[in-house]
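with the sequence up front, the predicted model follows.
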There are 2 protein chains.
Amino acid sequence: MEAKRATIKDVAEAAGVGVATVSRVLSGGSASPATRERVLAVAAQLDYRPSALGRNLRQRRTGGIGLLVPDLTDTFFGQLAEGVLACARSAGEPVVLGSTGDDPEQEAELVGMLLEQSVDRVIAVPSGGADTWEPAARAGMTVVFADRLPAERPGDALSGSAPGPVSGSASASTADLMLLDGVPPPPPVPPVPPTGVPAVLADDRAGIRTAVRYLRGLGHRRIAFLGGPGHDRRVAAFREAVGPQVDDDLVVFATGSRDSAYAAASGLFQSRPDLTAVLAGGNVLGEAAVLAARELDLRVPRDVSLVMYDDVPWAELCSPPLTVIAQPGRDIGYRACELVLRTAGRRPRTVVLPTELIVRGSCGPLR
Amino acid sequence: MEAKRATIKDVAEAAGVGVATVSRVLSGGSASPATRERVLAVAAQLDYRPSALGRNLRQRRTGGIGLLVPDLTDTFFGQLAEGVLACARSAGEPVVLGSTGDDPEQEAELVGMLLEQSVDRVIAVPSGGADTWEPAARAGMTVVFADRLPAERPGDALSGSAPGPVSGSASASTADLMLLDGVPPPPPVPPVPPTGVPAVLADDRAGIRTAVRYLRGLGHRRIAFLGGPGHDRRVAAFREAVGPQVDDDLVVFATGSRDSAYAAASGLFQSRPDLTAVLAGGNVLGEAAVLAARELDLRVPRDVSLVMYDDVPWAELCSPPLTVIAQPGRDIGYRACELVLRTAGRRPRTVVLPTELIVRGSCGPLR
DNA sequence: CGCCTCCATGGAAACGATTCCATCATGGTT
DNA sequence: AACCATGATGGAATCGTTTCCATGGAGGCG
């Protein structure tokens, strides 16, 4: 009853040929039409499926693709994962999934697990820094980063202040007026990956810049940024877009959790009641901002304007519907997978995908 | 530079022992303290990590866990996946992921892929029927279903009418009044799995019943159900809860896509303007219902009350916040993983997890 | 003192595929 | 007619591990 699977030897025997011949036929080598036909017939009849185990051992590679994301509960990473899966399936490659929880330690552990499995191609939304990924690459892994690059220095990802009750209301300088709205955008300078690892990124810089300009155009001057883990590039872009006189109290960080995001948003609103617009660096932060604003009886967009990074289905359900910077999550995953499949030996390439400001109803003119 | 990994042979050589001894030491067999220490030291120094490839081949099993879900973009499945990953990580098992898109054909293909990889333990949110899963089980796979059971008959999952513009406004009988609100709930009869396969399910029946009663209590009599693929049990529960005089026009199905969900919701509202409450069978459908209602200028809950199956973070962001039937997605995944790890040979068990009606603001009294 | 037992140990087989290499037959060319 | 080139074919090695089995030594007991 529990018939175990037929092996190549069974097929060879049944077809009256050698195992080498079977292998050749099945992997497209040369063989006479007669034998080929016979072998195929027998294989079909025995329902033979070559075991990936044997093949992998012989070829010393598992051939699957590793995928490491911070949190599948975040819709954006779900989209990204779907993209990877779509591409991987069309290539017939299995995908081994890991969720890091934005914790470098767990990430390192998962990398170790992949190494053990001889999974030598990995797509990662990195949490750890070079100290995690350098060894992985040195161990012969082909790594492609998606959505982010690893932090340059080991552990500086979550440096910002997780605001306690109220840190400082010293709202001294907010005369950051440098209006650059008329200036044509500089050519999209692709962010250079720190190491020689390929990456697929959204054009955060342009996205943030566009959003900041949009808010500026509505008259906002005190714009806050709500960042999360891995949002370094977005923060940098924000600082750049706002100009040199950034008010540092208006740049606030949360860790990955929803609670932390809520605390950060709430703390921000309370410590700086003078802010007029918020740019949330990810959909979890955007959610937190909406929630915190409602809790504090701040109306959107009347009292505070809100732009969220990431377009997610529910952005349209909010009232008002959220103005967002859309990034193509699915495409990012798909392209990353393409890259990891093709970049076998070739030199790394970095792909930057466009973002788009989708104006809905969560921003209004300054009043 | 590209130092390839050390093998057990290298370790044996360096430690001056046989490979068998190394294997024994590393897998906890008997060995003298002296050798044990030496081997461990050498292994550590060489950074030796046993290759899963060799082991798997020898033991004729990959040892990973397969996870098949319809769509990672759906937050609920993201939660479920996180649960599985958490449990799998604590057991040190890799997880091979596949997304079926609610398509039995893709599902079958993915099962084949897992089979080829010798992944013999699978957690699935099934799309296909017994014709997919029977062979898988027969091939020696340990399968645990999560969230759903496979359709009993091969292809009857999406039987309902995907409403075109308007099908029939013959709103004849809606006198389905059988008030059972006072009757104490029957003991939670666990749904019996059709095959001998273990499953982890939410108590749809109780959840739906509670929701229907709640709506009844608010005075609603014409309650519609918006179902999607795999919601058979929920539909059945709905019919049961409503009573024998179900108005079949009020039970509508969509396929998995967001577009289809929107079309179904919109069609429902247009064809049956007399309905006063909607029960959405999943979060994608809930989203569609909110969108469609807004598009048609139906106010929630003034014009129509809405209950959504699944609690997702954004349910609270809607205005009004959505009243939902919460099911523990993460727990479902976690328990399923536990089951698939322990059920090695034992007889299958089915676990039913409780649901909870979370009343927020999307339901109001009939007016 | 001798024998038996037990434990540590190493050699070798096995797992299921791919692939190198030698062999053999065939057919064409000189 | 002899020889060479070509192509099909099968045997055997290989990948890295686990596990079976045989061997050898040490210690205990009769």
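Structure's in. What do you need?

so what's the gap between the helix or strand A:L341 falls within and the chain middle?
Using DSSP states H and E, the element containing A:L341 is helix A:329-342. Helix A:329-342 has its C-alpha centroid displaced from the chain centroid by 11 Å (CA atoms, centre = their mean, to the nearest Å).

same question, stretch A:88-107
That offset, for stretch A:88-107, works out to 11 Å (CA atoms, centre = their mean).

one more: stretch A:58-66?
From the chain centre to the centre of stretch A:58-66 is a distance of 23 Å (CA atoms, centre = their mean).

which elements pack onto the helix holding A:L341?
strand A:65-69, helix A:75-90, strand A:121-124, strand A:142-146, strand A:199-202, strand A:350-353 (3 or more CB pairs under 8 Å, 6 or more residues apart in numbering or on different chains; DSSP states H and E). All C-beta atoms are positioned from the backbone trio N, CA, C, and that covers glycine.

what angle do strand A:65-69 and that helix make with each other?
Here helix A:329-342 runs at an angle of 140 degrees relative to strand A:65-69 (axes from the mean of the first three to the mean of the last three CA atoms, to 10 degrees).

list the buried residues in helix A:329-342.
A:329-341 (16 or more other CB atoms under 10 Å in any protein chain shown).

can you add pLDDT and give the residues you listed back as CSV?
Output for the buried residues of helix A:329-342, formatted as CSV (pLDDT from 0 to 100):
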residue, pLDDT
A:G329, 97
A:R330, 98
A:D331, 98
A:I332, 98
A:G333, 98
A:Y334, 98
A:R335, 97
A:A336, 97
A:C337, 96
A:E338, 95
A:L339, 94
A:V340, 93
A:L341, 91
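
and for A:A261, the neighbour number?
Using other CB atoms under 10 Å in any protein chain shown, A:A261 has 28 neighbouring residues.

scratch that, A:V352 is what I was asking about
17.

thought it was touching A:G207?
No - in this structure, A:V352 is not within contact of A:G207 by CB atoms under 8 Å, at 10.8 Å.

of all the helices and strands packed on helix A:329-342, which one comes closest to DNA strand C?
The stretch from the helices and strands packed on helix A:329-342 with the least distance to DNA strand C (CB to the nearest atom of the strand) is strand A:121-124; that distance is 17.5 Å.

on contacts alone, who are the packing partners of that closest one?
Strand A:121-124 packs on strand A:65-69, helix A:104-116, strand A:142-146, helix A:329-342, going by 3+ CB pairs under 8 Å, 6+ apart.

state the mean pLDDT of stretch A:98-110.
If you average the pLDDT over stretch A:98-110, you get 95.

now do the buried residues in it.
By 16+ other CB under 10 Å, the buried positions in stretch A:98-110 come out as A:98-104, A:106-108, A:110.

could I have that stretch exported to CSV, CA atoms only?
Provided in CSV are the C-alpha atoms of stretch A:98-110 (Å, rounded to 0.1, in the frame of the first residue of the first chain):
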residue,chain,number,x,y,z
GLY,A,98,12.3,32.6,6.9
SER,A,99,10.9,35.5,8.9
THR,A,100,13.5,37.5,10.8
GLY,A,101,11.3,39.7,12.9
ASP,A,102,13.8,42.5,12.1
ASP,A,103,16.2,40.9,14.5
PRO,A,104,19.8,40.6,13.2
GLU,A,105,20.3,37.6,15.5
GLN,A,106,17.5,35.6,14.1
GLU,A,107,18.5,36.6,10.7
ALA,A,108,22.0,35.3,11.2
GLU,A,109,20.5,32.1,12.6
LEU,A,110,18.4,31.7,9.5
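
does at least one residue of it sit close to chain B?
Yes - on the criterion CB under 8 Å from any CB of the partner chain, stretch A:98-110 is in touch with chain B at A:98-99, A:106, A:109-110.

quick one: that stretch to chain centroid distance?
That offset, for stretch A:98-110, works out to 14 Å (CA atoms, centre = their mean).

can you list the residues that contact that stretch?
A:66-72, A:113-114, A:124-129, A:132, A:155, A:157, A:229-230, A:255-256, B:81-82, B:85-86, B:89, B:94-95 (CB atoms under 8 Å, 6 or more residues apart in numbering or on different chains).

try 7 Å this time
Stretch A:98-110 has contacts (CB atoms under 7 Å, 6 or more residues apart in numbering or on different chains) with A:66, A:68-72, A:127-128, A:132, A:229, A:256, B:82, B:85.

what's the closest non-adjacent residue to A:V39?
In space, A:V39 comes closest to A:V25 once its chain neighbours are excluded; the distance is 4.5 Å by CB to CB, 6 or more residues apart in numbering or on different chains.

oh, that last question was meant for A:S266, not what I typed.
A:A292 (4.1 Å).

contacts only, for the one you found.
Contact analysis of A:A292 by CB under 7 Å, 6+ apart lists A:262, A:265-266, A:269.

do the same with A:V42
With contact set as CB under 7 Å, 6+ apart, A:V42 has these partners: A:11, A:14-15.

let's see that with 8 Å instead.
Applying CB under 8 Å, 6+ apart to A:V42 gives the contacts A:11, A:14-15, A:48.

quick one: stretch A:270-290 near chain B?
Yes - applying CB under 8 Å from any CB, one finds stretch A:270-290 touching chain B at A:284, A:287, A:290.

spell out which parts of the stretch 101-250 of chain A neighbour DNA strand D.
The stretch 101-250 of chain A has no residues near DNA strand D, with proximity defined as CB under 7 Å from any atom of the strand.

for DNA strand C, what's its nearest residue on the stretch 101-250 of chain A.
Closest contact between the stretch 101-250 of chain A and DNA strand C, by CB to the nearest atom of the strand, is at A:S118 (12.7 Å).

show the pLDDT at that residue.
90.

repeat that for A:L177.
A:L177 carries a pLDDT value of 31.

quick one: low-confidence parts of chain A?
Within chain A, the ranges that satisfy pLDDT under 70 run A:1-3, A:153-195, A:344-346.

work out which residue lies at the spatial centre of it.
A:D147 (3.6 Å; CA atoms, centre = their mean).

from A:G256, how far off is that one?
14 Å (CB to CB, to the nearest Å).

try A:G101
With distances taken as CB to CB, A:G101 is found 7 Å from A:G256.

ok, A:P70 - how many residues close by?
25.

and the residue of chain A closest to DNA strand D?
A:G18 (2.7 Å).

residue at max distance from the center of chain A?
Distance-from-mean max, chain A, by CA atoms, centre = their mean: A:G16 at 51.8 Å.
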